[in-house]
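> whatever this is, show me its structure:
(chains A and B)
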There are 2 protein chains.
Amino acid sequence: MAFVKLPLNKAFMLFEPGPVILVTTNDGKKNNLMTISWHMVTDFTPTLALTTGAWNHSFKALMKKKECVLNVPTVDIIEKVISIGDCSGKEADKFKKFELTPLPASEVAAPLVKECLACLECRVTGYIDDPGIVLLQGVKAWVDNERQERRTFHANGDGTFVVDGETIDLHHLMADKLPF
Amino acid sequence: MAFVKLPLNKAFMLFEPGPVILVTTNDGKKNNLMTISWHMVTDFTPTLALTTGAWNHSFKALMKKKECVLNVPTVDIIEKVISIGDCSGKEADKFKKFELTPLPASEVAAPLVKECLACLECRVTGYIDDPGIVLLQGVKAWVDNERQERRTFHANGDGTFVVDGETIDLHHLMADKLPF
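Below you'll find the predicted structure:
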């Protein structure tokens, strides 16, 4: 793998399709990982929102350090990603347990996940209590252009997941609305 | 088509995968439609959040009536859905222009879209100014079980769209976390 910089104004494209993502945090002592599919883009800079709260062990680090990395996994590691969502960082070092590799990020202490397709380093800019929505500002984006498997996957909510299929190009129908 | 009731506690499953959706509103005089891909589930009841603001014509009706319907289109009508996102309800009656059929909803004045796979009637429970996030409570859900085409599609943000591909069943890896 080789992460290279992705222009920040293109980073919203990683999340707009709604894939399952891995959120990494670092509380000053330890890295942690959580699996999230409740997230959305909120502007093109990019800002993003994700739903989480005190029920996730990572939440404490997220609120304490006000930083995280959003990592986009592909279907070749789907079993790891889903298993990560089914155990708590309270008990386990999830990077070790699932044989994933933390790489140093550039702007935040939370790590990039080497095995992912792309990563967005983020700062926490706010938290809405009800419902639990974390507001994020993306500050640095990375992509692995050498990766063969590039298909992401989406949670259906019942333990099944839908993998990216064919791509349809309709940019001619929405040229006015495209940011670039 | 024939919409039948979908249990409300399963309705989050329509949105968790992150498809492009059609949001309908009614301002007391006229129905309107907008295309949105920046949305997320915020709990299983379900509550949801979507990013919009005064830049969308539908926003005024959304804030005035505090109601909308989230409709899930499938790939057979992708061209209509994307074209809807490229014009304003200020000028056009989008249902007529795009030959879509508004059907009466049960709990809200905004209509269901007959040509969609499923619909969730919602009440607006709050608005966050910065970024512009509308908070919604789902109150009634519908699904068309007779529909042949059931593949939804996801926006990549550059005018291309990815269609649902294969489904992978991993419920055995996350039995503890499934809501039912």
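> which stretches of chain A have low pLDDT?
Applying pLDDT under 70 to chain A flags the ranges A:1.
> so the residue of it at minimum distance from chain B versus A:Val41, what's the distance?
Of all residues in chain A, A:Gly18 sits closest to chain B, with a separation of 1.4 Å (Cβ to the nearest Cβ). (Glycine included, C-beta is placed from N, CA and C.) Distance from A:Gly18 to A:Val41, counting by Cβ to Cβ, to the nearest Å: 9 Å.
> what sits against A:Leu170?
For A:Leu170, the contacting residues are B:Ile78, B:Glu79, B:Ile82, B:Gly159, B:Thr160, B:Phe161, by Cβ atoms under 8 Å, 6 or more residues apart in numbering or on different chains.
> A:Met33 in helix, strand or coil?
Just to correct that, residue A:33 is Leu rather than Met. At A:Leu33 the chain is in strand, as set by DSSP: H, G, I helix; E, B strand; the rest coil.
> quick one: it and A:Leu22 touch, right?
Yes - counting by Cβ atoms under 8 Å, A:Leu33 does reach A:Leu22; the two are 5.6 Å apart.
> higher neighbour count, these two?
Each of A:Leu33 and A:Leu22 has its neighbours counted (other Cβ atoms under 10 Å in any protein chain shown); A:Leu33 has more, 29 against 25.
> which ones are touching the most centrally placed residue in chain A?
Nearest to the geometric centre of chain A sits A:Leu70, at 2.6 Å (Cα atoms, centre = their mean). Residues near A:Leu70 by Cβ under 8 Å, 6+ apart: A:14-15, A:21-23, A:39, A:48, A:50, A:119-120, A:122, A:136, A:138.
> now do 10 Å
Counting by Cβ atoms under 10 Å, 6 or more residues apart in numbering or on different chains, A:Leu70 makes contact with A:11, A:14-15, A:21-24, A:36, A:39, A:46, A:48, A:50, A:110, A:113, A:116, A:118-122, A:136, A:138, A:141.
> thinking again about what came up before, make a ChimeraX selection of the buried ones in the contacts of A:Leu170.
Selection of buried members from the contacts of A:Leu170 for ChimeraX, criterion 16 or more other Cβ atoms under 10 Å in any protein chain shown:
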select /B:78,82,159,161
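> all the helices of chain A, residue numbers only.
Remark: helices assigned in chain A by DSSP state H are A:12-15, A:58-65, A:78-84, A:94-97.
> do you know how far A:Glu115 is from A:Val108?
Applying Cβ to Cβ to A:Glu115 and A:Val108 gives a distance of 19 Å.
> ok so, going back, for the helices of chain A, which one ends up most surrounded?
The highest average neighbour count among the helices of chain A, using mean count of other Cβ atoms under 10 Å in any protein chain shown, belongs to helix A:12-15 at a mean of 24.
> what is it packed up against?
strand A:39-43, strand A:47-51, strand A:67-72, strand A:118-128, strand A:133-144 (3 or more Cβ pairs under 10 Å, 6 or more residues apart in numbering or on different chains; DSSP states H and E).
> circling back to that earlier point, which residues are common contacts for A:Leu33 and A:Leu22?
What both A:Leu33 and A:Leu22 touch, as defined by Cβ under 10 Å, 6+ apart, is the set A:Val69, A:Asn71, A:Lys80, A:Val81, A:Ile84, A:Gly85, A:Lys94, A:Phe98, A:Leu100, A:Val113.
> in this structure the fourth one contacts A:His154, no?
Same thing as A:Val81. No - counting by Cβ atoms under 10 Å, A:Val81 does not reach A:His154; the two are 11.8 Å apart.
> joint contacts of the two?
A:Pro19, A:Val20, A:Phe161.
> these two touch, right, the second one and A:Thr160?
Okay, so that is A:Val20. No - at 11.9 Å, A:Val20 does not count as touching A:Thr160 under the criterion of Cβ under 10 Å.
> you'd agree A:Leu14 is up against A:Thr74?
No - counting by Cβ under 10 Å, A:Leu14 sits too far from A:Thr74 to count as a contact (11.5 Å).
> shared neighbours, the two?
Residues touching both A:Leu14 and A:Thr74 (Cβ under 10 Å, 6+ apart) are A:Cys116, A:Leu117, A:Ala118, A:Thr152.
> if any of the residues you listed are buried, give me the PyMOL selection for them.
Applying 16+ other Cβ under 10 Å to these, the buried members can be selected in PyMOL as follows:
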select buried, chain A and resi 116+117+118+152
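> distance to B:Arg147 for the shared contacts of A:Leu14 and A:Thr74 - can I get that in a markdown table?
Formatted as a markdown table, the shared contacts of A:Leu14 and A:Thr74 follow (distance: Cβ to Cβ, whole Å):
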| residue | distance to B:Arg147 |
| --- | --- |
| A:Cys116 | 35 |
| A:Leu117 | 32 |
| A:Ala118 | 34 |
| A:Thr152 | 25 |
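> any chance of the shared contacts of A:Leu14 and A:Thr74 in a markdown table, plus distance to chain B?
Converted to a markdown table, the shared contacts of A:Leu14 and A:Thr74 look like this (distance: Cβ to the nearest Cβ, whole Å):
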| residue | distance to chain B |
| --- | --- |
| A:Cys116 | 17 |
| A:Leu117 | 13 |
| A:Ala118 | 13 |
| A:Thr152 | 8 |
